[in-house]
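Asker: structural data only, the sequence is not supplied:
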């Protein structure tokens, strides 16, 4: 670790007792707690930090804040690598590692800077005009070259090892920015007992107070700040959130913020996230985000060592770093002078002050003399030179004479732009203020006020006053008392005269005139803006899109206004005529991980587990994701390695003896009320009034547009009490639909509905031995004989000696089958009881695969057929459509086009060569016809291997449908290489008479 | 013939949460009590029938049905507003549910939901901080009073929660989640409470 | 002036002083053969094809803002023709073919880049649905390949294969799919149309229609009335507002769709990938930014901005698919207004009002359709007959039942 | 976006599902005409301005609500239960 040659002997807000070591491009350096990476690099005399995007120009540190366009590094390493990290806001920690980016082989010697040699051709939009010939070369040659050069840093690629979380907060007043205006606001509001949240992106609260040598209430700012923070911390309903960037304003007072919980540590503490994304709901908010200083466009203005003047004094005053030993100040206003003063106070030499304003104010002259600086009133810097490190500037004085001055820091000041980003997030357009030469907030979003510099009120006194006043107003709006808000902190006004200078032209370069940068990171020069003007890309959006101005990681914070000013000048308009600068969210870039929070990996979305899940796991089930649910797909026995062998065994067990399968995932809706039957009449296509109590019926419901929505059995448990079942996939959708029908369409019906899906564990018991198995489970007083409990009976029973249960004799498999439902807590016990009772018959648990095979063998429609594109008639269920009543979807289902015979309809398929496998998704093409869209007759919806038939079977939709039974067609499946002959057949492959249903 | 002894109910938290501690050691910022054994039913009053139902509940249980999102609690029962003309009735002992359901069925559409939810009592000095990581409503004492109840969503799943009188260790809430989602809820809760340290205890009503 | 490597180099030597405006800035004339309302991608493409293919050049394109200020400059730049239904597939395939020859047709490099579009599937049912779609594409002469999990892993090793809530099982790949530089598409069409004499009139807002005997014979604009033999609407996002001026209600709702770009990164992903278990798709631009998006916000909106729930949903999906993105930063997000139609498919048809032609309902698929939309709309305007590949995009299909519902979600626009 | 449910209070819009325009009235009963139903199902005013629309508080009290919201600014001027309105109209 080397010494820190530019570190001042004293002063600043760093903790000199805490020495930290860090590495940049492999070399070790030292710094202190309280440093940023940028301040520590400057302390060590490191000026060259990065390379620009297009020309790979050497770049240094321009700013001391979030607007930094140049000093971007890859922070950390391995899976924690963070590309494009602004060194100016990266808090130093012990062991920090950073490397420069966008250079090869090294930062100092970057071969890609050869791009600069071609720069005369690489102007804005050059790629739109070339690379067109020959056509195939774009993807093969040109674009790969461009892509190789793309981007700045390298993302980690590997899974992010840290975790993230979200949080929600509510307050009366959100204060955005912890500078003088924000603190004054938070104090005024906090003292009244209001709920206040104060966020600041910095790791230390204070804003510009940290960088300025001023007084408040007659005390040095540091003292005042410490007292203010201590008071705020003592207020129970004030939450101070440093390291928290409010990045976006959304509808109705919702603010997005990200808290960097652990970025200042080598890695997060145990149980702590890296970052936390906040959704803050604020009744009122005050934007007190300060302002961003503006650079000046002149040749060589990107040379490392050219720095914003406010940043230069931040490094001196806050970080105890001398940003240059030999300083030239180039300013267009009064504010830059504070930098000259503070740099001199810190022991730096101020070689010259170039104030572009022609008026020679004697006070300024006196100050320059006191600082020992040459004053060039009405002068400009026409060129900065030095390559990797500034060593000379050329000054053109008011008379036009030029002077070359050696220096290693050029501090540039052109006034400040209010940080009004959040005010434009809801389409608000900033307005130009001719008095202070900047855009100020225009129409404000509801609930938001803007204080201090962010509103263009730049002095310390107005900031304090604004904050306190707006806080009182906000609380007043909310009807809260402001009696306790306390006094307004007072300070003197500082001078803030300004005559902005957007760019310097007319300098003479040696061979080529030097490039003058508008957007540093994207290498947009003033010549590019001129070219855009020449070619007609004059609206500000055209300018930005054509030149990429403002599109870099800083989103134009230091460049948009210069670009607009040059465009205005080129087109003979004023700045507001040329356009406005608006900002889209986020204010600064936000880590994707933070906004994802907890929801990644297995926790991406909730998983629903059936009450029998634990039991299925014990049985060795393989599970499958079906929507939110995890369902048992099949239950391999030891030694079974082929899933199909397992499924065949499970299917045969059902056909031959008995099997059980969890169906708890089906939606179950309790529907009660005097009009319950009438209600069902309107939501289902078939009739319900005549269904006897104690019986179940299959129902089909349509959407209002006439297509099938869902199906299931619904049972009448009492005169005014039904239990509807829905498919697993559509349970939520159907519930919402029923509530719509009830609350919106027919509010006068006496009916109420509630989901009871979670209450019941439900299992299918299917197979010839189903009744015998159930006999061992259902309490003996319940007669299960065919006569007493016939097909479609649905009744309350008890199990296990009085536990309430429901038994439904319904069948999806075509076998003698029942569904038994018990309270979910007994689901596990039910499975064990059934296994015990069925053991003598070889009872077999089966999963969703076998369930699918069993229903396909019987030609029952399911999810694949209920695609939302099929009608009841398409599915062969048209006869269910009652003509005697109105129901949802009736009229639209009857549209002529939906009843044309050419519409594909539902049939079965079997391979002509029985050894062939069928595939769902294959399309049907007539034998001997070309495989074209015109000859496409339909497609296979579902397939299964039928162990009973010992060949593959399929269901599908084909033009002409059942009229074509016996015909052969091609099942064409080119994406899987399939093209086989299949025979159209009845969709019912087994027991068409239904004899097995009755055992 | 089934043996009654086999029919042991399984807790909604079985295999998901068990007594013990997790997260930051020695902090005890949050305590989670796994609630078992409650009876629960949903009540929906028929059009114009809410008053009659309210009278009946008042007579039978001594509880006034709330007409806003609140919980009203008695010695053995609670009624929780869950929608216009809709409530949840909770009984400390689920054994009485069949008779309660039978009694109230004359005044409302009643559905047994005793097994449909997994429930927790949560308390502790950092409870609100932990809940704020997923609960999208304002639980500040000034915004959510003792007895206030809400149906809302947390980490993509639905919950019902209400505020109890503050406990010795800090604020206290109860929260119910669909039984099938108990595991996912716990995954979110455990991640959210870990930084404060969490103690898990088994409890009854 | 013609663009080429040579013209670029020549200009470079002259300091680029010789470039001329890409298009004129004409004042509106009193009358045109065709007035096109909307200077976005579709309107400009329509003008280009009317002029270049049908020889109709007395055309004005009226744009209320600047050219390309609508969705053509707000989308995620994806081009593809991986559609399922016969009403759609040939149309989008024509579009793909026009993309493939676009640069030569326009003498403008819109950076059409066919690096592939991969739709991931996460279940057997989804695989079969993709097979159905891939097979339909092949029947229509479109390229499609069904990949298994290992083939996907070879293409994108950094996705989450081992710890996912919805594990990736494979994907449907259209190699000819890809991206194009969105703004350049608008500019290329504009420049080409202008060069054939089409008047591109910016800052000209249509405020009403001039009707004679129930027939539309002109438009009222912020720059005065303009008469036209035919009036063509291409104002997706605002179709209902403009149609209302002619007394029409449309089967369309306007919804906001958000889009996102990350900071510039060294290349990580070549083509376009869509996540099948959530709403998320991503590609990487030639500048290095990841360009991504998700679902529409889901409520009617003309505000061109969205809200946090969808933003977070997109980021959650991003992390679920690609957990290495945690430290990558989202740089900017914005919204565009989609013409969400009632079946998810567009309308290119004569309007019920005589003299008025309708191009609308593009949902979130308008960008990829730009060339074919312009081509077929121009055909309809010039010949009076629908182009065969766009014949299904009739306005009366909603009443008749000949819907083109790719997703099968019915008449609920926010689900398409 | 925040919607103030008349029953539950102000909630994030994430708790609600959106359906669409609230004003079209379903042509009920056997006498309804196909064309009228097609209009109801498919045609929308889609205004740029105040819009009465249906939202379902699915994560809360399961009420269908009619929200009046300006589609240009998203500002909400009224929220009322759908069921009450219908009952009032029928009376």
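Answerer: Yep, that arrived. What you are looking at is a predicted structure, and each value in this text was computed from that prediction instead of being measured.
Asker: helices of chain D, start to end?
Answerer: D:34-42, D:82-90 (DSSP state H).
Asker: rank those helices by pLDDT, which is bottom?
Answerer: Of all those, the minimum mean pLDDT falls on helix D:82-90 (a mean of 57).
Asker: for chain C, which element, helix or strand, carries the lowest mean pLDDT?
Answerer: helix C:5-13 (a mean of 89; mean pLDDT, DSSP states H and E).
Asker: what residues does that helix touch?
Answerer: A:120-121, A:123, A:126, A:129-131, A:133, C:1, C:17-19 (C-beta atoms under 8 Å, 6 or more residues apart in numbering or on different chains). Where you see a C-beta, it was placed from the backbone N, CA and C, and this is true even at glycine.
Asker: those residues, buried ones only, as a ChimeraX selection?
Answerer: Entered in ChimeraX, the line below selects the buried ones among the contacts of helix C:5-13, by 16 or more other C-beta atoms under 10 Å in any protein chain shown:
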select /A:120,121,123,126,129,130,131 /C:19
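Asker: where does confidence bottom out across the contacts of helix C:5-13?
Answerer: residue A:133 (75).
Asker: from memory that residue sits against residue C:4, does it?
Answerer: Yes: taking contacts as C-beta atoms under 8 Å, residue A:133 lies within contact range of residue C:4: 7.4 Å.
Asker: where does residue B:142 fall, secondary structure wise?
Answerer: Using DSSP states H and E, residue B:142 sits in no helix or strand.
Asker: and it, what does it touch?
Answerer: residue A:195.
Asker: and if you look at residue A:596?
Answerer: Counting by C-beta under 8 Å, 6+ apart, residue A:596 has contacts A:164, C:312, C:315-316, C:318-320, C:326.
Asker: and it, backbone torsions?
Answerer: Main-chain dihedrals, residue A:596, degrees, to the nearest 10: phi -80, psi -30.
Asker: what do you get for residue A:871?
Answerer: phi -100, psi 170.
Asker: for it, the count of nearby residues, please.
Answerer: Residue A:871: 24 surrounding residues under other C-beta atoms under 10 Å in any protein chain shown.
Asker: check contacts around the residue most central in space within chain D.
Answerer: With distances taken as C-alpha atoms, centre = their mean, residue D:54 lies nearest the centre of chain D, 2.0 Å away. Contacts were defined as C-beta under 8 Å, 6+ apart; by that measure residue D:54 touches A:740, A:744, D:18-22, D:64-67, D:82.
Asker: from those, which is closest to chain C?
Answerer: Nearest to chain C among those is residue D:18, at 4.6 Å by C-beta to the nearest C-beta.
Asker: so that closest one sits right up against residue C:299, yeah?
Answerer: Yes: Residue D:18 is within contact range of residue C:299, at 4.6 Å (criterion: C-beta under 8 Å).
Asker: give me the more crowded residue out of those two.
Answerer: Ranked by neighbour count (other C-beta under 10 Å), residue D:18 and residue C:299 place residue C:299 first, with 26 against 19.
Asker: where in chain B is pLDDT low?
Answerer: B:1-5, B:204-205 (pLDDT under 70).
Asker: interface residues of it facing chain D?
Answerer: Residues of chain B that fall close to chain D, judged by C-beta under 8 Å from any C-beta of the partner chain: B:68-69, B:82-84, B:86, B:136-137, B:150-153, B:158.
Asker: three-state assignment of the residue in the stretch 51-200 of chain C that chain A sits nearest to?
Answerer: Residue nearest to chain A within the stretch 51-200 of chain C: residue C:131 (3.0 Å; C-beta to the nearest C-beta). Going by DSSP: H, G, I helix; E, B strand; the rest coil, the secondary structure assigned to residue C:131 is helix.
Asker: got a list of contacts for stretch A:367-378?
Answerer: A:329, A:337, A:340-341, A:344, A:349-361, A:364-365, A:395, A:397-398, A:403, A:405.
Asker: now do the buried residues in it.
Answerer: Applying 16+ other C-beta under 10 Å to stretch A:367-378 flags A:367-368, A:371, A:373-378 as buried.
Asker: what ranges does chain D have for its strands?
Answerer: Secondary structure of chain D (DSSP state E): strands located at D:2-5, D:9-12, D:17-21, D:50-56, D:64-70, D:76-81.
Asker: give the pairing partners of the fourth one; include direction for each.
Answerer: So the one you mean is strand D:50-56. Strand D:50-56 has its sheet partners listed here by DSSP bridges as strand D:17-21 (antiparallel), strand D:64-70 (antiparallel).
Asker: so which residues of the stretch 551-700 of chain A form strands?
Answerer: Counting by DSSP state E, counting those that start in this stretch, the stretch 551-700 of chain A has strands at residues A:590-591, A:608-609, A:622-626, A:629-634, A:659-662, A:667-672, A:696-702.
Asker: make that the stretch 851-999 of chain A, sorry
Answerer: A:905-911, A:923-926, A:936-946, A:951-958, A:968-973, A:978-985.
Asker: nearest to residue A:780, out of those?
Answerer: strand A:936-946 (37.4 Å; C-beta to C-beta).
Asker: where does the chain dip in pLDDT?
Answerer: No chain specified, so I'll use chain A. Using pLDDT under 70, chain A drops low at A:1-2, A:508-513.
Asker: actually chain D
Answerer: Those would be D:85-91, if you go by pLDDT under 70 across chain D.
Asker: nearest to chain C: which residue in chain D?
Answerer: residue D:46 (3.6 Å).
Asker: which residues does the closest residue to chain C within chain B contact?
Answerer: In chain B, the residue that lies nearest chain C is residue B:156 (8.8 Å; C-beta to the nearest C-beta). Residue B:156 makes contacts with A:599, A:605-606, as judged by C-beta under 8 Å, 6+ apart.
Asker: domain parsing for chain B?
Answerer: B:20-36+B:116-204, B:39-112 (automatic domain parsing).
Asker: turn those domains into CSV, columns for distance to residue C:94.
Answerer: Converted to CSV, the domains of chain B look like this (distance: least, C-beta to C-beta, whole Å):
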stretch, distance to residue C:94
domain B:20-36+B:116-204, 41
domain B:39-112, 52
